[in-house]
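Peer 1: Model the structure of this input:
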Amino acid sequence: MPCYEHVFIARPDVSSQHVESLVETFSNVLTEGGGNVGKTEYWGLRNLAYRIRKNRKGHYILMNIDAPHPAVAEMERQMRLHDDVIRFMTLRVDALDDAPSIMMQAREERGRGRRERRGPREGNTENRPSDNDRNEEPKE
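Peer 2: Numbering: from 1, shown residues only. Next comes the predicted model:
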């Protein structure tokens, strides 16, 4: 069966639980059509590059799909009719990757190691000599 990467954007005013139910709904459409969903990633509420239907933000979701084309076409048809889906895009790929996507890798890198990269703060006086020590002449 052909493999697809599918990304869709849901309206920002829906809850994350509603977004999960949307993913389940569209996954059921694919399984009824003879396919399956490998992994889904919720990328979060992100800013859009430009306004779409008066929205500036949207919930981004990635789905890895292994399904025949008619099942994917039916899912896309239902997404066009659904009011909570702002945009979607489906790409055919040679093979599905089980590793986290670039968006999830970037999130993990941002979350860890922030303090490790920074040096001591300027207001921190623990390891600096005091003013009195700097002004004193060396004693003989």
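
Peer 1: ok, the nearest residue to residue 11 once chain neighbours are set aside - contacts?
Peer 2: Nearest residue to residue 11, sequence neighbours excluded (Cβ to Cβ, 6 or more residues apart in numbering): residue 84, at 5.1 Å. For the C-beta atoms, the positions are set from N, CA and C on the backbone; glycine is no exception. Neighbour list for residue 84: 10-11, 14, 18, 22 [criterion: Cβ atoms under 8 Å, 6 or more residues apart in numbering].

Peer 1: and the two most separated of these?
Peer 2: With distances taken as Cβ to Cβ, the most widely separated pair in these is 11 and 22, at 10.1 Å.

Peer 1: Looks to me like residue 109 is in a strand.
Peer 2: No - counting by DSSP: H, G, I helix; E, B strand; the rest coil, residue 109 is not part of a strand but helix.

Peer 1: Counting neighbours, what do you get for residue 65?
Peer 2: Number of residues near residue 65 (other Cβ atoms under 10 Å) recorded here: 26.

Peer 1: Then the one 10 residues further on?
Peer 2: Taking other Cβ under 10 Å as the neighbour definition, residue 75 ends up with a count of 28.

Peer 1: contacting residues for it?
Peer 2: 6, 26, 29-30, 33.
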